[in-house]
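Peer 1: Sequence and predicted model, in that order:
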Amino acid sequence: MNRWKKGLSLALALLCAVCGYVAGCAEEGEAADASAGSWSQINQSLARDEHWTRFVENPADFQLGEAKALEGFPGLSVAEWGDYPSMDGSTVCVPLAMELARQWLDLSEEDLNGFVNFSTTPNAYDRLTAGQANPAVTIASRSVMMDDTHPIDLVLGTGPNADERQAAIDAGVELVMVPVCYDAFVFLAGSQNPVDSLTAEQIRGIYSGAIRLWSEVGGADEIIAAYQRPHGSGSQTAMEELVMDGFQLAGAESNYIADGMGDLIAQVGNFNGANNAIGYSYLYYVDALYKSGSLKVLSVDGVPPTPENLRSGAYPYTVYYYAVYRKGNENAARFVEWLTSDEGQACVAQAGYVALK
(Lines give C-alpha, C1' and ligand atoms only; values in the text may rest on other atoms or scores of the structure.)
Protein backbone atom coordinates (compact mmCIF):
# COMPACT_ATOMS: atom_id res chain seq x y z
CA MET A 1 0.00 0.00 0.00
CA ASN A 2 1.48 3.37 -0.93
CA ARG A 3 1.77 6.08 1.71
CA TRP A 4 -1.32 8.00 0.50
CA LYS A 5 -3.54 4.94 0.72
CA LYS A 6 -2.00 4.08 4.06
CA GLY A 7 -2.64 7.59 5.35
CA LEU A 8 -6.26 7.56 4.27
CA SER A 9 -6.69 4.07 5.69
CA LEU A 10 -5.26 5.22 9.02
CA ALA A 11 -7.48 8.31 9.13
CA LEU A 12 -10.59 6.21 8.42
CA ALA A 13 -9.58 3.56 10.96
CA LEU A 14 -9.04 6.18 13.64
CA LEU A 15 -12.44 7.72 12.87
CA CYS A 16 -14.12 4.32 13.22
CA ALA A 17 -12.29 3.59 16.47
CA VAL A 18 -13.35 6.89 17.99
CA CYS A 19 -16.85 7.30 16.58
CA GLY A 20 -18.48 3.95 16.06
CA TYR A 21 -16.86 0.61 16.64
CA VAL A 22 -17.04 0.68 20.41
CA ALA A 23 -18.55 -1.61 23.02
CA GLY A 24 -22.25 -0.97 23.21
CA CYS A 25 -22.51 0.33 19.63
CA ALA A 26 -25.46 -1.92 18.79
CA GLU A 27 -28.75 -0.76 20.18
CA GLU A 28 -30.88 -3.08 22.29
CA GLY A 29 -32.81 -5.43 20.03
CA GLU A 30 -31.33 -3.89 16.90
CA ALA A 31 -30.19 -6.22 14.12
CA ALA A 32 -26.46 -5.54 13.86
CA ASP A 33 -24.33 -5.76 10.74
CA ALA A 34 -22.17 -8.86 11.17
CA SER A 35 -19.98 -7.83 8.24
CA ALA A 36 -18.67 -4.94 10.37
CA GLY A 37 -16.79 -7.41 12.57
CA SER A 38 -17.09 -8.32 16.21
CA TRP A 39 -17.93 -4.90 17.63
CA SER A 40 -21.25 -4.87 15.79
CA GLN A 41 -22.26 -7.98 17.76
CA ILE A 42 -21.59 -6.55 21.24
CA ASN A 43 -23.95 -4.25 23.13
CA GLN A 44 -22.50 -4.41 26.66
CA SER A 45 -19.76 -2.32 28.23
CA LEU A 46 -16.44 -4.18 28.40
CA ALA A 47 -14.59 -1.60 30.47
CA ARG A 48 -12.38 -2.81 33.30
CA ASP A 49 -14.02 -2.67 36.71
CA GLU A 50 -12.76 -0.91 39.81
CA HIS A 51 -11.16 -4.08 41.16
CA TRP A 52 -8.96 -4.63 38.10
CA THR A 53 -5.49 -5.96 38.95
CA ARG A 54 -2.26 -6.01 36.97
CA PHE A 55 -0.81 -9.51 37.08
CA VAL A 56 2.00 -9.11 34.55
CA GLU A 57 5.28 -8.70 36.41
CA ASN A 58 7.65 -8.21 33.46
CA PRO A 59 5.80 -6.05 30.90
CA ALA A 60 8.94 -5.64 28.79
CA ASP A 61 8.63 -9.25 27.57
CA PHE A 62 5.88 -8.44 25.02
CA GLN A 63 5.83 -4.87 23.75
CA LEU A 64 5.03 -3.11 20.49
CA GLY A 65 7.81 -1.99 18.20
CA GLU A 66 8.87 1.44 17.03
CA ALA A 67 6.34 3.93 15.63
CA LYS A 68 7.45 5.97 12.63
CA ALA A 69 5.84 9.11 11.25
CA LEU A 70 3.82 8.62 8.08
CA GLU A 71 5.28 10.88 5.42
CA GLY A 72 2.83 13.47 4.14
CA PHE A 73 0.41 13.03 7.04
CA PRO A 74 1.52 15.19 9.99
CA GLY A 75 0.73 13.65 13.35
CA LEU A 76 0.03 10.14 12.01
CA SER A 77 2.36 7.18 12.62
CA VAL A 78 2.70 3.50 11.76
CA ALA A 79 4.02 1.13 14.44
CA GLU A 80 5.68 -2.25 14.16
CA TRP A 81 4.26 -5.13 16.15
CA GLY A 82 7.48 -5.95 17.95
CA ASP A 83 7.19 -8.87 20.39
CA TYR A 84 3.47 -8.39 21.03
CA PRO A 85 1.50 -10.74 18.75
CA SER A 86 -0.94 -9.44 16.18
CA MET A 87 -4.33 -11.04 16.87
CA ASP A 88 -7.69 -11.76 15.30
CA GLY A 89 -10.43 -14.10 16.39
CA SER A 90 -13.94 -14.90 17.52
CA THR A 91 -16.29 -12.26 18.92
CA VAL A 92 -16.56 -14.17 22.17
CA CYS A 93 -12.83 -13.64 22.79
CA VAL A 94 -12.79 -9.86 22.30
CA PRO A 95 -12.77 -9.26 26.09
CA LEU A 96 -9.84 -11.67 26.47
CA ALA A 97 -7.82 -9.77 23.86
CA MET A 98 -8.72 -6.50 25.59
CA GLU A 99 -7.49 -7.82 28.92
CA LEU A 100 -4.20 -8.99 27.41
CA ALA A 101 -3.63 -5.54 25.88
CA ARG A 102 -4.42 -3.90 29.23
CA GLN A 103 -1.95 -6.14 31.01
CA TRP A 104 0.97 -5.88 28.60
CA LEU A 105 0.51 -2.55 26.81
CA ASP A 106 -1.36 -0.50 29.39
CA LEU A 107 -3.80 0.77 26.76
CA SER A 108 -6.74 2.93 27.78
CA GLU A 109 -10.28 1.65 27.40
CA GLU A 110 -10.82 4.07 24.51
CA ASP A 111 -7.74 2.80 22.69
CA LEU A 112 -8.77 -0.84 23.16
CA ASN A 113 -11.79 -0.30 20.92
CA GLY A 114 -9.55 0.24 17.90
CA PHE A 115 -6.72 -2.04 18.94
CA VAL A 116 -8.86 -5.17 19.37
CA ASN A 117 -10.27 -5.31 15.86
CA PHE A 118 -11.56 -8.89 15.51
CA SER A 119 -13.13 -9.91 12.21
CA THR A 120 -15.02 -13.00 13.57
CA THR A 121 -14.04 -16.67 13.39
CA PRO A 122 -14.07 -17.58 9.67
CA ASN A 123 -12.28 -14.42 8.58
CA ALA A 124 -9.66 -14.84 11.30
CA TYR A 125 -8.81 -18.38 10.20
CA ASP A 126 -8.69 -17.32 6.57
CA ARG A 127 -6.13 -14.66 7.49
CA LEU A 128 -4.07 -17.01 9.65
CA THR A 129 -3.86 -19.66 6.95
CA ALA A 130 -3.16 -17.18 4.16
CA GLY A 131 -0.57 -15.25 6.17
CA GLN A 132 -2.55 -12.02 5.93
CA ALA A 133 -2.62 -9.03 8.25
CA ASN A 134 -5.44 -7.76 10.42
CA PRO A 135 -5.82 -4.30 8.83
CA ALA A 136 -6.91 -1.07 10.48
CA VAL A 137 -5.69 -1.88 14.00
CA THR A 138 -5.17 1.47 15.69
CA ILE A 139 -4.15 3.22 18.90
CA ALA A 140 -6.35 6.26 18.56
CA SER A 141 -4.91 8.47 21.33
CA ARG A 142 -1.47 8.20 19.74
CA SER A 143 -2.76 8.54 16.14
CA VAL A 144 -1.00 5.25 15.43
CA MET A 145 -1.91 2.50 12.99
CA MET A 146 -0.28 -0.88 13.49
CA ASP A 147 1.74 -2.29 10.58
CA ASP A 148 -0.87 -3.62 8.16
CA THR A 149 1.65 -5.82 6.33
CA HIS A 150 2.42 -7.99 9.36
CA PRO A 151 0.53 -11.32 9.15
CA ILE A 152 -1.56 -12.12 12.20
CA ASP A 153 0.30 -14.24 14.73
CA LEU A 154 -2.56 -15.54 16.82
CA VAL A 155 -6.24 -16.41 16.62
CA LEU A 156 -8.17 -16.38 19.90
CA GLY A 157 -11.51 -18.17 19.79
CA THR A 158 -13.33 -21.33 18.93
CA GLY A 159 -11.46 -24.02 17.05
CA PRO A 160 -11.40 -24.17 13.24
CA ASN A 161 -14.10 -26.19 11.51
CA ALA A 162 -13.45 -29.04 9.07
CA ASP A 163 -13.28 -26.70 6.06
CA GLU A 164 -10.82 -24.39 7.80
CA ARG A 165 -8.65 -27.30 8.93
CA GLN A 166 -8.60 -28.64 5.37
CA ALA A 167 -7.75 -25.21 3.96
CA ALA A 168 -4.72 -25.08 6.25
CA ILE A 169 -3.63 -28.55 5.13
CA ASP A 170 -4.06 -27.59 1.47
CA ALA A 171 -1.92 -24.50 2.07
CA GLY A 172 0.80 -26.54 3.75
CA VAL A 173 0.17 -24.80 7.08
CA GLU A 174 0.19 -26.67 10.37
CA LEU A 175 -2.01 -25.03 13.00
CA VAL A 176 -1.09 -25.36 16.67
CA MET A 177 -4.18 -25.23 18.94
CA VAL A 178 -3.71 -24.62 22.66
CA PRO A 179 -6.73 -24.50 25.03
CA VAL A 180 -6.75 -21.38 27.21
CA CYS A 181 -10.13 -21.53 29.00
CA TYR A 182 -13.47 -23.32 29.25
CA ASP A 183 -16.92 -22.24 28.18
CA ALA A 184 -20.30 -23.85 27.61
CA PHE A 185 -22.13 -24.20 24.33
CA VAL A 186 -25.68 -23.47 25.45
CA PHE A 187 -29.25 -23.49 24.20
CA LEU A 188 -31.53 -20.50 24.70
CA ALA A 189 -35.28 -20.17 24.99
CA GLY A 190 -37.74 -17.48 26.02
CA SER A 191 -37.84 -16.93 29.76
CA GLN A 192 -41.53 -17.82 29.97
CA ASN A 193 -41.12 -21.12 28.14
CA PRO A 194 -42.00 -23.89 30.64
CA VAL A 195 -39.14 -26.09 29.40
CA ASP A 196 -36.02 -25.68 31.54
CA SER A 197 -33.99 -28.66 30.33
CA LEU A 198 -33.60 -30.72 27.17
CA THR A 199 -31.79 -33.99 26.64
CA ALA A 200 -29.05 -34.22 24.06
CA GLU A 201 -31.32 -36.57 22.11
CA GLN A 202 -34.18 -34.05 22.15
CA ILE A 203 -31.87 -31.27 20.92
CA ARG A 204 -30.72 -33.42 18.01
CA GLY A 205 -34.37 -34.25 17.33
CA ILE A 206 -35.32 -30.57 17.19
CA TYR A 207 -32.45 -29.62 14.91
CA SER A 208 -32.78 -32.64 12.63
CA GLY A 209 -36.49 -31.89 12.14
CA ALA A 210 -37.75 -35.02 13.93
CA ILE A 211 -39.25 -32.97 16.77
CA ARG A 212 -41.34 -30.00 15.65
CA LEU A 213 -43.56 -29.13 18.64
CA TRP A 214 -42.63 -27.96 22.14
CA SER A 215 -45.31 -30.31 23.49
CA GLU A 216 -43.09 -33.24 22.42
CA VAL A 217 -40.47 -32.14 24.95
CA GLY A 218 -42.72 -31.04 27.82
CA GLY A 219 -43.74 -27.59 26.62
CA ALA A 220 -46.75 -25.90 25.07
CA ASP A 221 -48.47 -27.08 21.91
CA GLU A 222 -46.56 -24.67 19.67
CA ILE A 223 -44.30 -25.09 16.67
CA ILE A 224 -40.61 -24.79 17.57
CA ALA A 225 -38.85 -21.93 15.78
CA ALA A 226 -35.26 -23.24 15.68
CA TYR A 227 -32.66 -20.58 14.88
CA GLN A 228 -29.23 -21.36 13.44
CA ARG A 229 -26.02 -19.56 12.50
CA PRO A 230 -24.30 -19.61 9.06
CA HIS A 231 -21.86 -22.39 8.24
CA GLY A 232 -18.35 -21.37 9.22
CA SER A 233 -19.30 -19.40 12.32
CA GLY A 234 -17.85 -20.69 15.58
CA SER A 235 -21.23 -21.56 17.08
CA GLN A 236 -22.38 -23.35 13.92
CA THR A 237 -19.19 -25.44 13.96
CA ALA A 238 -19.97 -26.49 17.54
CA MET A 239 -23.53 -27.31 16.52
CA GLU A 240 -22.45 -29.41 13.55
CA GLU A 241 -19.49 -31.20 15.09
CA LEU A 242 -20.23 -31.34 18.83
CA VAL A 243 -24.00 -31.46 19.20
CA MET A 244 -25.31 -33.24 16.10
CA ASP A 245 -22.55 -35.84 16.35
CA GLY A 246 -23.23 -37.51 13.02
CA PHE A 247 -26.93 -36.61 12.78
CA GLN A 248 -28.03 -34.51 9.81
CA LEU A 249 -28.68 -30.88 10.71
CA ALA A 250 -31.90 -29.77 9.03
CA GLY A 251 -31.64 -26.77 6.75
CA ALA A 252 -33.20 -23.66 8.25
CA GLU A 253 -35.29 -21.12 6.39
CA SER A 254 -33.34 -17.95 5.63
CA ASN A 255 -35.28 -15.92 8.20
CA TYR A 256 -34.20 -18.42 10.88
CA ILE A 257 -30.48 -18.01 10.14
CA ALA A 258 -28.84 -15.25 12.18
CA ASP A 259 -25.75 -13.68 10.61
CA GLY A 260 -24.18 -12.69 13.92
CA MET A 261 -24.32 -14.12 17.41
CA GLY A 262 -25.89 -10.93 18.70
CA ASP A 263 -28.50 -11.20 15.95
CA LEU A 264 -29.46 -14.69 17.12
CA ILE A 265 -29.87 -13.59 20.72
CA ALA A 266 -31.97 -10.62 19.61
CA GLN A 267 -34.17 -12.80 17.42
CA VAL A 268 -34.74 -15.53 20.00
CA GLY A 269 -35.24 -13.08 22.85
CA ASN A 270 -37.75 -10.97 20.93
CA PHE A 271 -39.41 -13.62 18.76
CA ASN A 272 -42.89 -12.17 18.22
CA GLY A 273 -43.14 -11.62 21.97
CA ALA A 274 -43.69 -15.38 22.24
CA ASN A 275 -41.72 -18.23 23.77
CA ASN A 276 -41.53 -20.80 21.00
CA ALA A 277 -38.04 -19.93 19.68
CA ILE A 278 -34.81 -21.77 20.45
CA GLY A 279 -31.25 -20.90 19.54
CA TYR A 280 -27.69 -21.50 20.66
CA SER A 281 -24.65 -19.53 21.67
CA TYR A 282 -21.80 -19.57 24.17
CA LEU A 283 -22.51 -18.90 27.82
CA TYR A 284 -19.88 -16.17 28.10
CA TYR A 285 -21.41 -14.36 25.14
CA VAL A 286 -24.91 -14.50 26.63
CA ASP A 287 -23.74 -13.43 30.09
CA ALA A 288 -21.27 -10.70 29.16
CA LEU A 289 -21.48 -9.48 25.57
CA TYR A 290 -25.03 -9.15 24.30
CA LYS A 291 -28.38 -8.63 26.03
CA SER A 292 -31.71 -8.57 24.25
CA GLY A 293 -35.24 -9.58 25.10
CA SER A 294 -36.03 -12.09 27.81
CA LEU A 295 -34.03 -15.30 27.63
CA LYS A 296 -33.02 -18.26 29.74
CA VAL A 297 -30.26 -20.82 29.35
CA LEU A 298 -31.48 -24.42 29.25
CA SER A 299 -29.85 -27.27 31.13
CA VAL A 300 -28.82 -30.28 29.05
CA ASP A 301 -29.60 -33.76 30.41
CA GLY A 302 -30.55 -31.95 33.62
CA VAL A 303 -27.07 -30.45 34.05
CA PRO A 304 -26.68 -26.64 34.17
CA PRO A 305 -23.53 -25.05 32.67
CA THR A 306 -21.90 -23.93 35.92
CA PRO A 307 -18.11 -23.40 36.17
CA GLU A 308 -17.90 -26.52 38.35
CA ASN A 309 -19.74 -28.59 35.75
CA LEU A 310 -17.47 -27.26 32.99
CA ARG A 311 -14.26 -28.11 34.83
CA SER A 312 -15.54 -31.58 35.78
CA GLY A 313 -16.93 -32.29 32.32
CA ALA A 314 -20.41 -32.98 33.73
CA TYR A 315 -22.00 -30.50 31.33
CA PRO A 316 -22.09 -32.37 28.00
CA TYR A 317 -21.31 -29.41 25.74
CA THR A 318 -18.25 -28.07 27.50
CA VAL A 319 -15.88 -26.39 25.03
CA TYR A 320 -12.48 -24.74 24.97
CA TYR A 321 -11.41 -21.43 23.58
CA TYR A 322 -8.05 -21.74 21.91
CA ALA A 323 -4.98 -19.76 21.09
CA VAL A 324 -4.12 -20.88 17.55
CA TYR A 325 -0.96 -20.10 15.62
CA ARG A 326 1.08 -21.39 12.70
CA LYS A 327 3.69 -23.93 13.68
CA GLY A 328 7.10 -22.28 13.56
CA ASN A 329 5.93 -18.92 14.92
CA GLU A 330 8.18 -18.92 17.99
CA ASN A 331 7.02 -15.56 19.31
CA ALA A 332 3.38 -16.67 19.25
CA ALA A 333 4.36 -19.93 20.94
CA ARG A 334 6.16 -18.00 23.68
CA PHE A 335 3.12 -15.77 24.24
CA VAL A 336 0.77 -18.77 24.43
CA GLU A 337 3.10 -20.46 26.90
CA TRP A 338 2.70 -17.41 29.12
CA LEU A 339 -1.09 -17.38 28.57
CA THR A 340 -1.37 -20.90 30.00
CA SER A 341 0.89 -20.10 32.95
CA ASP A 342 -0.46 -19.19 36.39
CA GLU A 343 0.00 -15.50 35.60
CA GLY A 344 -1.70 -15.79 32.23
CA GLN A 345 -4.59 -17.79 33.65
CA ALA A 346 -5.13 -15.14 36.32
CA CYS A 347 -5.62 -12.66 33.46
CA VAL A 348 -8.05 -15.07 31.76
CA ALA A 349 -10.09 -15.35 34.95
CA GLN A 350 -10.08 -11.59 35.50
CA ALA A 351 -11.62 -11.20 32.02
CA GLY A 352 -14.53 -13.35 33.22
CA TYR A 353 -13.71 -16.69 31.58
CA VAL A 354 -13.51 -20.08 33.28
CA ALA A 355 -9.76 -20.54 33.52
CA LEU A 356 -8.10 -23.91 33.09
CA LYS A 357 -6.38 -23.51 36.45
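Peer 2: Thanks, I have it.
Peer 1: G218: what's its closest spatial neighbour, skipping adjacent residues?
Peer 2: Setting aside the residues directly before and after it, G218 is nearest to V195 in space (CB to CB, 6 or more residues apart in numbering), at 5.4 Å. Backbone N, C-alpha and C define where each C-beta goes, glycine included.
Peer 1: quick one: the one you found from V300, how far?
Peer 2: For V195, the distance to V300 equals 12 Å [CB to CB, to the nearest Å].
Peer 1: How about V56?
Peer 2: Applying CB to CB, the value for V56 to V300 is 37 Å.
Peer 1: And those two? Which one has more around it.
Peer 2: V300 (23 against 19; other CB atoms under 10 Å).
Peer 1: Just grab the bridge partners of that one for me.
Peer 2: With DSSP bridges applied, the residues forming beta bridges to V300 are L198, V303.
Peer 1: Use 428 as the first number for this chain going forward.
Peer 2: Yep, numbering from 428; the last one is V727 now.
Peer 1: Where do the strands of the stretch 578-727 of the chain begin and end?
Peer 2: The residue ranges that make up the strands of the stretch 578-727 of the chain, judged by DSSP state E, counting those that start in this stretch, are 581-584, 602-617, 624-625, 652-653, 704-709, 722-724, 726-727.
Peer 1: where's F482 relative to W765, distance?
Peer 2: From F482 over to W765 the distance is 11 Å, taken as CB to CB.
Peer 1: These two: who's more crowded?
Peer 2: Neighbour tally, F482 and W765, criterion other CB under 10 Å: the higher count belongs to W765, 18 against 15.
Peer 1: For the residue lying farthest from the centre of the chain, pull up the helix or strand it's in.
Peer 2: Each residue of the chain has a distance to the centre, and by CA atoms, centre = their mean the biggest one is for G499: 36.8 Å. With secondary structure defined by DSSP states H and E, G499 is part of neither a helix nor a strand.
Peer 1: follow-up on the earlier one: show me what contacts the residue nearest to G645?
Peer 2: Shown here is V622, whose contacts under the criterion CB atoms under 8 Å, 6 or more residues apart in numbering are 616, 641, 644-646, 725.
Peer 1: ok, 10 Å please
Peer 2: With contact taken as CB atoms under 10 Å, 6 or more residues apart in numbering, V622 is in contact with 614, 616, 629, 641, 644-647, 651, 702, 705, 723, 725-726.
Peer 1: cool, and P578?
Peer 2: Neighbouring residues of P578 by CB under 10 Å, 6+ apart: 508, 513, 554-555, 557-561, 753, 756.
Peer 1: Tell me the buried residues in stretch 660-673?
Peer 2: Within stretch 660-673, the residues that qualify as buried by neighbour count (16 or more other CB atoms under 10 Å) are 660-667, 670-671.
Peer 1: circling back to that earlier point, what is in contact with V622 and V727 at once?
Peer 2: Overlap between the contact sets of V622 and V727, as judged by CB under 10 Å, 6+ apart, is given by 614, 629.
Peer 1: Residues in a beta bridge with F612, which ones?
Peer 2: The partner residues for F612, given DSSP bridges, come to Y709.
Peer 1: isn't it right up against Y709?
Peer 2: Yes - counting by CB atoms under 10 Å, F612 touches Y709, with 6.1 Å between them.
Peer 1: Overlap of the contact sets of the two?
Peer 2: With contacts defined as CB under 10 Å, 6+ apart, the residues adjacent to both F612 and Y709 are 585, 661-662, 665, 732, 744, 746.
Peer 1: Lowest-confidence member of those residues, which is it?
Peer 2: Looking at pLDDT alone, the shared contacts of F612 and Y709 dip lowest at G661, where the score is 86.
Peer 1: Distance-wise, check the closest residue to it other than its chain neighbours relative to V519.
Peer 2: Computed as CB to CB, 6+ apart, the closest residue to G661 that is not its neighbour in sequence is T585, at 3.4 Å. The spacing between T585 and V519, counted by CB to CB, is 7 Å.
Peer 1: got it, and V670?
Peer 2: The gap separating V670 from V519 is 17 Å, by CB to CB.
Peer 1: now do E628
Peer 2: E628 sits 27 Å away from V519, going by CB to CB.
Peer 1: These two: which is more packed in?
Peer 2: V519 (31 against 13).
Peer 1: ok, the more buried one - contacts?
Peer 2: With CB under 10 Å, 6+ apart, V519 has these contacts: 465, 468-469, 545, 547-548, 583-585, 610, 661-662, 688, 708-713, 715-717, 748, 780.
Peer 1: Thought E668 was touching D590, still the case?
Peer 2: No - the pair D590 and E668 does not pass the contact test of CB under 10 Å, sitting 11.2 Å apart.
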